[in-house]
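no sequence for this one, just the structure:
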């Protein structure tokens, strides 16, 4: 039951129907049952709240840590297969082509160092192979410090001197689009990464402008900027019009939660249509870096992320 709502611009009723279909699907019900849960009763808001609580108790392996630091649960082979089958049915595994031939803007979502390189390269691949973009390519990240493991990954791709996620994204843009320096730069150094922001815009030959944006946190006293912060901050810099079609590029396992974040931050307030796709793992990686193994624990974590994002979206509606 992959997500089937967002493009073209959906009315609130259609979005609610899409949430209800994904949340109430047989694969998710089967997972809850396998982990000893009882399906929540009540209306959609109550079901979302119940699943949020259940997934916090059974599928939250991060415990407030970054994704690479999450523990992996010990699952028997039958449960592990059930998790992988459910993840496939729920749209977290297979890549999909863009639904439209042309978009107002293309957004590349930041992430871990390898994902930064891979997603930006995939965006450049889409442009070279016929996806049209009328406005800009926006590459969205934050000043999250890179881990030593991420620095090592970048070094393997001959990227040095990157300290933050936005540095990795900036290096990825230079590599994928063949640019060396931005045409425009802006930003505020507020003395703390949760408060600061930056913007660099490149003008590659034969391609739309590419803007690399680091967003501040909407809750700087508590945490770094997250996906919804970066999307909301970009929207404040772009001139969106109702009906604009946006293409978001991420990895397949993040598609459901990041799609719902985009519906909440871009579709609902601006009337934009959202198409969210994952990098196609079958395509060669220009950086020649291996894709991290996606374990059952990682899939369960992102199913929880999707539940939480859908709950926030439903509340916003």
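Thanks, I have the structure now. Bear in mind the structure is a predicted one, so any value in this text is a computation, not a measurement.

now the stretch 151-300 of the chain, which segments are flagged as low pLDDT?
Across the stretch 151-300 of the chain, the ranges flagged by pLDDT under 70 are 285-288, 290.

the strands in it, which residues?
Assigned by DSSP state E, counting those that start in this stretch, the strands in the stretch 151-300 of the chain fall at 184-188, 197-202, 210-214, 245-250, 273-278.

nearest residue to residue 33 in space, please, no chain neighbours.
Leaving aside its sequence neighbours, residue 33 sits nearest to residue 39 (Cβ to Cβ, 6 or more residues apart in numbering; 7.8 Å). Where C-beta positions appear, they are placed from N, C-alpha and C, glycine not excepted.

sorry, back to before: identify whichever of the strands of the stretch 151-300 of the chain lies nearest to residue 20.
For residue 20, the closest of the strands of the stretch 151-300 of the chain is strand 273-278, at 18.1 Å, according to Cβ to Cβ.

still on that earlier bit, which ones are touching the residue nearest to residue 33?
With contact set as Cβ atoms under 8 Å, 6 or more residues apart in numbering, residue 39 has these partners: 29, 32-33, 47, 50.

counting neighbours, which of those end up buried?
Buried members of the contacts of residue 39, scored by 16 or more other Cβ atoms under 10 Å, are 32, 47, 50.

including secondary structure and distance to residue 195, could those go into CSV?
Formatted as CSV, these follow (DSSP: H, G, I helix; E, B strand; the rest coil; distance: Cβ to Cβ, whole Å):
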residue, secondary structure, distance to residue 195
32, helix, 40
47, helix, 37
50, helix, 36
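
from those residues, pick the one nearest residue 89.
For these, with residue 89 as the reference and Cβ to Cβ as the criterion, the closest is residue 32, at 14.0 Å.

shouldn't that closest one be in contact with residue 57?
No - judged on Cβ atoms under 8 Å, residue 32 makes no contact with residue 57 at a distance of 11.3 Å.

shared neighbours of these two, anything?
What both residue 32 and residue 57 touch, as defined by Cβ under 8 Å, 6+ apart, is an empty set.

pull the longest helix from this protein.
helix 296-316 (DSSP state H).

tell me which residue is most central in the protein.
With distances taken as Cα atoms, centre = their mean, residue 258 lies nearest the centre of the chain, 4.2 Å away.

which ones are touching it?
Residue 258 sits in contact with 109, 227, 248, 250, 276, 309, where contact means Cβ under 8 Å, 6+ apart.

the same query, at a cut-off of 6 Å, please.
109, 227, 250 (Cβ atoms under 6 Å, 6 or more residues apart in numbering).

can you check residue 27 too?
86, 89-90.

what pLDDT does it get?
Note for residue 27: predicted pLDDT of 97.

what's the helix or strand for it?
If you go by DSSP states H and E, residue 27 is part of helix 26-34.

angle of that helix against helix 296-316?
110 degrees (axes from the mean of the first three to the mean of the last three Cα atoms, to 10 degrees).

quick one on the thing from earlier: go through the contacts of residue 258 and name the one nearest residue 176.
Using Cβ to Cβ, the contacts of residue 258 come closest to residue 176 at residue 109, 15.0 Å.

the closest one contacts residue 250, doesn't it?
Yes - using Cβ atoms under 6 Å, residue 109 makes contact with residue 250 at a distance of 4.6 Å.

returning to what we had before: who wins for neighbours among the contacts of residue 27?
Taking other Cβ atoms under 10 Å as the neighbour criterion, residue 86 ranks highest of those with 24 neighbours.

picking up where we left off before, export the contacts of residue 27 to JSON lines and tack on distance to residue 168?
Converted to JSON lines, the contacts of residue 27 look like this (distance: Cβ to Cβ, whole Å):
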{"residue": "86", "distance to residue 168": "31"}
{"residue": "89", "distance to residue 168": "32"}
{"residue": "90", "distance to residue 168": "29"}
